[in-house]
Structures are given as structure tokens and as C-alpha cells.
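Student: using only what follows, build the 3D model:
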Amino acid sequence: MSTLLGLAGGALLGGLAGAFGSWVDTLVMRLVDILLSIPALLLAVSVAAIVGRRPEALMIAIAAAQVPVFARLLRGSMLRQRGQDYVLAATSLGLRRRTIVLGHVLPNSLGPVIVQATLVLATAIIEVAALSYLGMGSPDPTVAEWGRMLVRGQERLQSYPHLTLLPGLCIAVTALGFTLLGEALREALDPKSRR
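Tutor: Numbering: from 1, shown residues only. Now for the predicted structure:
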């Protein structure tokens, strides 16, 4: 859910910057640069502290850290597409800017953003575990969180090491799985990488 929220926010900002250009692009990209200057986990901790200890807080916190990544990627992809011949042809045919952007430029720019979304899922899983490890997860102790399991397992590390190793292994395997999915999707969507 946090990746979907981050993708929606980033697509909105990146789409505005890529579609309008000029001062809108400058304004949006300076905002994105400010967000990118803050480390993702620190930004997520700050947002989680502001929103409070609710289950939605983790989603909002991680989404806020992902918005600048998606915004910058979509903007760059849209700027690349705006220079293509089909945009010039559509402009010379007299199509309105909104029709060109929404009907041609935006759909052709979404491929890299979709691939990045699958890669960001791995980062989101690690960040959720880190935030719950730091105690910013769900306040309900009956909710199973890998970060909380790591904290509890550290208390019994000498006698029961599997209580720490298994949640850590689950985090690593899940993050690796989403990373491999993203790489496979990138290769499938990029015709230049096919042999």
C-alpha cells in the first residue's frame, strides 16, 4: 500500500513537472530535491512520529519517502518522450497539449516507473521492518511484525538463535524476491535487453 501511495504522489508531481515544464518543473523539482536530500529512513521516521503510532502511519511514512523517487523518474521519462517524433507529429496535427500528454507521452513513460515500483517494494519491506524494530510499528503487540520479532529474538539470542535468524531470513528472502521480480520485469519491458 505504501508503494501505491508513493507511486500516486510521485506520478502526480512528476507528471506535472514533465507535462508543463518551465516554472512548474522548476518548482516541483526543487521540492523533490529537498525531499531527496533527507535520507529515506530519517524522513520515514519523521513522518511516522508526526502521524503517530497507527498502522496507517507506517504506510504514510514510507510512501512519503518514496514520492521523490517516482517523481524524478516519471519526469525524466516524460521529458525523454516529449522529444520523440510522434509528439512532433501530434503537435503538427493540431492536437491539444493535454491530449498529447495524457494520451501519448504519459502512457509511453510509465514503463520505467512500473519497474521501479517493483524494486521499491523490496526497500519498503526493509523500511517497515526497520521502523517496527525501532518501535514505531503497530502498538498492538499481537500484530506480527518482523522488526518486532527481531527485537524479541535478541533477548534470547544465546539460547534460541532461530528466533532472530528466521525473521531476518524472511526479510532478506522477501526483499530479494521483489528485487528479482523487478529485474525480470525490467528485462521484459526493455526490448534492447532481449537477445
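Student: for residue 74, which non-adjacent residue is spatially closest?
Tutor: residue 14 (3.1 Å; C-beta to C-beta, 6 or more residues apart in numbering). Every residue, glycine included, has its C-beta placed from N, CA and C.
Student: now do residue 29
Tutor: Nearest non-adjacent residue to residue 29, counting by C-beta to C-beta, 6+ apart: residue 17, 5.8 Å away.
Student: could you check the pLDDT of that neighbour?
Tutor: We have a pLDDT of 87 for residue 17.
Student: residue 194 now?
Tutor: 57.
Student: thinking again about what came up before, tell me, how many residues neighbour the residue nearest to residue 29?
Tutor: Residue 17 has 25 neighbouring residues, counting by other C-beta atoms under 10 Å.
Student: before we move on, what about residue 110?
Tutor: Residues within reach of residue 110, counting by other C-beta under 10 Å, total 15.
Student: and what of residue 169?
Tutor: Neighbour count of residue 169, defined by other C-beta under 10 Å: 12.
Student: least confident secondary structure element in this structure?
Tutor: helix 40-51 (a mean of 80; mean pLDDT, DSSP states H and E).
Student: which other helices and strands does that helix contact?
Tutor: If contacts are counted by 3 or more C-beta pairs under 8 Å, 6 or more residues apart in numbering; DSSP states H and E, helix 40-51 sits against helix 55-82, helix 106-133.
Student: check contacts around the residue nearest in space to the middle of the chain.
Tutor: The geometric centre of the chain, computed from its C-alpha atoms, lies nearest to residue 66 (C-alpha atoms, centre = their mean), at 3.9 Å. Residues near residue 66 by C-beta atoms under 8 Å, 6 or more residues apart in numbering: 2-3, 5-7, 10, 40, 120, 123-124.
Student: assign the most far-flung residue of the chain relative to its centre to helix, strand or coil.
Tutor: In the chain, residue 159 marks the outermost C-alpha relative to the chain mean, sitting 38.4 Å out by C-alpha atoms, centre = their mean. Following DSSP: H, G, I helix; E, B strand; the rest coil, residue 159 is assigned to coil.
Student: ok, it to residue 149 distance?
Tutor: Remark: distance between residue 159 and residue 149 (C-beta to C-beta, to the nearest Å) = 16 Å.
Student: residue 117 too?
Tutor: From residue 117 across to residue 149, the span is 27 Å (C-beta to C-beta).
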